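Student: A predicted structure for the sequence below; I have some questions about it.
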Amino acid sequence: MLHDLLLAVTGHGGDVFVEKESRFEIANDLGFFHPSEIAIIHQLLNLGYHYKKVKIFCDTYDTVQIKKDADYRGGLYLSSLAVALRKTIQEYHSAVVELELKLMNDPQLPLSQLLLALQPLAPLVAAVSTLVTEIENKKVRGCMILEVLHKHTANSVAYIKEVLMRVEQAVHSVLYDQLTHWLLYGQLLDPHNELFIHTSKAVSSDKADQTPDVEGLSLEESEDVIQKTECKLRLEMLPNHIPLLVAEKILFIGESILIFEREGKNGSVDASSVSSLCGLVLKSREEEFLQLIQSLANTPTFSIIQFSQVIETIRHCVSQQLWTLVLEAGLVAELADLKAVFLLGRGELYQTLIPAITPFFHNTSVATNVDGLFQLAGQQVLLEEGMLEKFTLSLKPQSPKSAPASIQQGERSWKILRLDYNAKWPLHKLFTPAVQDKYNAIFTFLLDVRRAQYRLQQLWIMQMRAKNNEDAATSVLQWALRHHMNLLIDNIQYYLQVDVLESQYWQLIEEIGKTRDYQHLASTHHNFLVSITAQCFLNNQMVSNALQRLLKLIHNFCTIMETTWSSDSKRVPRFDSTSSSEQSSITDRAKQIREFSEAFERAAAQLFLILSNLKLHQGSQYTSQLIMRIDYNKFCSKSATSELLATNMQCQQVSADQLLLGVMAPDATETTEPGPKCESEKKLVELKLRHGWPFPDMTDPPLCFRMKSSFIIPMVGTFSKVLLKWCNKVNGHNIQTLRNLVANRPAGTPLVTVSNHYSCLDDPALWGLLRWRDLWNARRMRWSPAAHDIAFTRKIYSWFFSAGKCVPIIRGLGVYQEAMDFLIERLKEGQWVHIFPEGKVNMSLERMRLKWGVGRLVYESPVCPIVLPFYHIGMDDILPNRKPYIPRVGKLVTVVVGEPMDFKDLVSEMKAKKEDPTTARKVITDRIQEELGKLRDQAEELHEKVKRERNL
């Protein structure tokens, strides 16, 4: 019997101990065992179960198979893990063999001695079995095996932890081997797609089918496919214990070796453009770095600190050498050429190009060789031949749907002009197509401004020639309007060329001179483009639209005036004997010019007020600089009165409160900094909250407020409970965490819950998940922001929702408004605040960028709150976002509550570093968005699973 038992503990069943459902049990017809013996046998059989599971895993994966099957999960990491685990359980196997020998010498060996010999190894075998089970069940592969191993190692104790650390280091050896090839030779040896780095060759669409995969190729095989290799991180394969910053450094090093060093060695670029340092990025330090990586592999345990230090050492060397390469390639001279052409630094070039290209754009029947005209214009202004050869001007292909019908063909052609820059090696990695797209966006805007300025100048010449043939009254209107337009556009042009482009360019050159690090250099150039884009207001929708309206008015005015004077020049009018038809024509022209003048004044006033509001909220220096340029004589300030704005915005179909609030790009109102509210803003808030601020002093709320709140909240809570739990079906996961934090969190600790917003009934119906005693406790229930233009439009609404602890939020006013200050005060008191960071009902169910208000709540709360995210699906089935707005019954709602998020260390660190509040809010919000994204995936999967099971 003992022989059969020893076979069972090694995973082999028999007649006495049979295998049932992957476990070993005593045969049913055996009744001669004592209960104490049965207990010992069950312990030993449980060991056999765990050992068999580990052994099967090792037998399955200890040999790497080359399979292209999509279902195959093997690979280098699984194989390495299997080999390491086989060595780990070898001690257990040896102990069983030793017991077998003892049993052969002493057939009367007691059962307790078997238990005594194998019991010390039981925790280890069980831990390894748990590890294997998780890897099998979750189908973990590649680098993510390291994450599972690291988690199990960290949660283990004593002897088990030591063993798992050795196993972890053994599996890390695969990573070290792959990193050695990637970091030192730019070669990615990853035939099973297991590493967190992915490379692929970028080719045109017509050659897409012929694209070879760089992964897994030998050094010789990959020489022909490195020139246009794209390298990227695969975050789904990045273990959590390896920081993203370290992974980005690894990507940068290998990509640099691949693109710079191996290109030079393999002759994949023109030899004349290759630096003398090409192929020597690591120089003589390859052996040194190889030893550093090998030292990591030879250490008994994995240390993220040592790992990060080695990566940083290699990165620093590579970055310094690449800095030398790009400086030697003439980076500063290339930047000067880009400024001259893309940023209109050579104004005479475009002064010549604009009149040369305009007739061809108006005559659509003639094919236009815009690059030929561009090259000719460059030759006429004596542009260097070497500079001209680097640039190509073309018309960007555009689908008919993307071209607004209101734009004339000539104007549309100007909008789709594109400059292409042929960057020489090795600058091609700095001036990538994505970077050139940013340059082109700036170029299109600058060219539009320059063209408007040129046309107004030409208009003056035409006007001077025709002034003797014009009606006096009409001539005065034309001269005045053209003068106002020219003055404004000249000031805008001066701001762009002097205050923005020249200033940022020389700051860039200064920063380049200070650094000896390629990555810092690339970051500086990126910041240069970002700064120019921001200071040209290309990312600010409201300012950009206002500028575009101004430019469109100027172009339309110039077109009409050019057409009029062109037709007038063909005849000699006689104003002393003007016919009735001519007199009518003059009257119509005067009326048209007055309409243009009024429209222009409206657009100019709108631009000025938007900029003034932007300055008030952001206080940015460049906004103040542009205001100073266009309002140097205070003309705009005097003309842009509030009455004029209200009247003009009705004509423009833009509400005055939108302009005062500065409705801008998605991030603009969220980045505003706190400051004193001006009278116009206070009046606007009073106008919005026409029934006044609904809350008394909440430090000591009066009895009447407490009484109405104690009545409204239990009433609504009861409705929520009945609707959610009794009238519909709830599929809840981890709900107990929400209930515990609402009722039992430490005294004085605030709570912030965040969730998606799919239905107008999300709040309060979702709180039906809470216990009755929490729903009926008005002091314990949440505070929540609510849209002022929905919940506070009438006095009775204001009374009801404020009693229900809803706070009126004015959407568009930014993160610094009274409602946000009020919520922070409630957090200071340790209360619960719930917020929908999407900022509105997400009727399209898309993955929306979260607003940064939640970031401010967490960052500026005196006591850092516990943040609890949760995600729900199905509330829009209970109350659809369409008429009739009547709640439904019998629907399924899935709610997945995440784990509490602790931001104490992060907030403390950012405050110690005096981090910019805007950056701090973004960092916090991004982390919450990442967690909500994970919860969404879980909720969608669980929701669909339950629907299938219940046939819903």
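Tutor: On my side now, so go ahead. Residues are numbered from 1 along each chain as shown.

Student: could you use CA atoms for every contact and neighbour count after this?
Tutor: Noted.

Student: other SSEs contacting the helix or strand hosting residue 442?
Tutor: Taking DSSP states H and E as the definition, one finds residue 442 inside helix 433-466. Using 3 or more Cα pairs under 8 Å, 6 or more residues apart in numbering; DSSP states H and E as the contact definition, the elements that helix 433-466 packs against are helix 409-415, strand 417-421, helix 472-494, helix 518-535, helix 541-568.

Student: swap in 10 Å and give it another go.
Tutor: Helix 433-466 makes packing contacts with helix 331-341, helix 347-362, helix 409-415, strand 417-421, helix 472-494, helix 518-535, helix 541-568 when contacts are defined by 3 or more Cα pairs under 10 Å, 6 or more residues apart in numbering; DSSP states H and E.

Student: got a markdown table for the ones you listed, with mean pLDDT, mean neighbour count and distance to residue 251 too?
Tutor: Formatted as a markdown table, the helices and strands packed on helix 433-466 follow (pLDDT from 0 to 100; neighbours: other Cα atoms under 10 Å; distance: least, Cα to Cα, whole Å):
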| stretch | mean pLDDT | mean neighbour count | distance to residue 251 |
| --- | --- | --- | --- |
| helix 331-341 | 90 | 16 | 23 |
| helix 347-362 | 85 | 17 | 41 |
| helix 409-415 | 74 | 17 | 37 |
| strand 417-421 | 89 | 20 | 26 |
| helix 472-494 | 81 | 17 | 41 |
| helix 518-535 | 91 | 18 | 12 |
| helix 541-568 | 83 | 18 | 35 |
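
Student: so which of those comes closest to residue 917?
Tutor: Evaluated over those, closeness to residue 917 peaks at helix 518-535, with 18.6 Å, by Cα to Cα.

Student: how far does that closest one sit from its chain's centre?
Tutor: Averaging C-alpha coordinates over helix 518-535 and over its chain gives two centres that are 18 Å apart (Cα atoms, centre = their mean, to the nearest Å).

Student: what's it packed up against?
Tutor: Identification of packing neighbours for helix 518-535 by 3+ Cα pairs under 10 Å, 6+ apart yields helix 304-328, helix 433-466, helix 503-514, helix 621-630.

Student: 8 Å instead, please
Tutor: Counting by 3+ Cα pairs under 8 Å, 6+ apart, the packing neighbours recorded for helix 518-535 are helix 304-328, helix 433-466, helix 503-514.

Student: of the ones you listed, give the one that comes closest to residue 743.
Tutor: Residue 743 sits nearest to helix 304-328 of all the helices and strands packed on helix 518-535, at 39.1 Å, using Cα to Cα.

Student: buried residues in that closest one?
Tutor: 307-308, 310-312, 314-327 (16 or more other Cα atoms under 10 Å).

Student: so it versus helix 518-535, what angle?
Tutor: Computed by axes from the mean of the first three to the mean of the last three Cα atoms, to 10 degrees, the angle separating helix 304-328 from helix 518-535 equals 70 degrees.

Student: averaged pLDDT, helix 304-328. What do you get?
Tutor: Looking at helix 304-328 alone, the average pLDDT works out to 89.

Student: centre of the chain to that helix, how far?
Tutor: For helix 304-328 - counting by Cα atoms, centre = their mean - the centre lies 26 Å from the chain centre.

Student: picking up where we left off before, mind putting the helices and strands packed on helix 433-466 into CSV with distance to residue 723?
Tutor: Below are the helices and strands packed on helix 433-466 laid out as CSV (distance: least, Cα to Cα, whole Å):
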stretch, distance to residue 723
helix 331-341, 64
helix 347-362, 64
helix 409-415, 55
strand 417-421, 58
helix 472-494, 59
helix 518-535, 49
helix 541-568, 42
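
Student: can you tell which of the ones you listed is closest to residue 152?
Tutor: When those are compared by Cα to Cα, helix 518-535 sits nearest residue 152, at 35.9 Å.

Student: run the angle between that closest one and helix 331-341 for me.
Tutor: Going by the same axes, to 10 degrees, helix 518-535 makes 20 degrees with helix 331-341.

Student: contacts for helix 518-535?
Tutor: Contacts of helix 518-535 from elsewhere in the structure, counted by Cα atoms under 8 Å, 6 or more residues apart in numbering, are 319-323, 430, 438-439, 442, 500-501, 504-505, 508, 511-512, 515, 539-540, 622-623.

Student: please repeat the previous calculation with a cut-off of 7 Å.
Tutor: If you take Cα atoms under 7 Å, 6 or more residues apart in numbering as the criterion, helix 518-535 is touched by 319-320, 322-323, 430, 442, 500-501, 504, 508, 512, 515, 539, 622.

Student: residue 844 and residue 862, how far apart?
Tutor: 36 Å (Cα to Cα, to the nearest Å).

Student: those two: which is more packed in?
Tutor: For residue 844 against residue 862, the residue with the higher neighbour count under other Cα atoms under 10 Å is residue 862, and the figures read 15 against 9.

Student: would it be right to say that residue 241 lies in a strand?
Tutor: No: membership of residue 241 in a strand is not supported by DSSP: H, G, I helix; E, B strand; the rest coil, which gives coil.

Student: residues in contact with it?
Tutor: Contact criterion Cα under 7 Å, 6+ apart gives residue 147 as the residues in contact with residue 241.

Student: what's the answer for residue 144, then?
Tutor: Residues touching residue 144, when contacts are defined by Cα under 7 Å, 6+ apart, comprise 237, 238, 239.

Student: the longest helix along the chain vs helix 621-630, what angle?
Tutor: Ranked by residue count and defined by DSSP state H, the top helix of the chain is helix 580-618. Counting by the same axes, to 10 degrees, helix 580-618 points 150 degrees away from the direction of helix 621-630.

Student: ok so, going back, and of the helices and strands packed on helix 518-535, who's closest to residue 195?
Tutor: Proximity of these to residue 195 was assessed by Cα to Cα; the nearest stretch is helix 304-328, lying at 16.2 Å.
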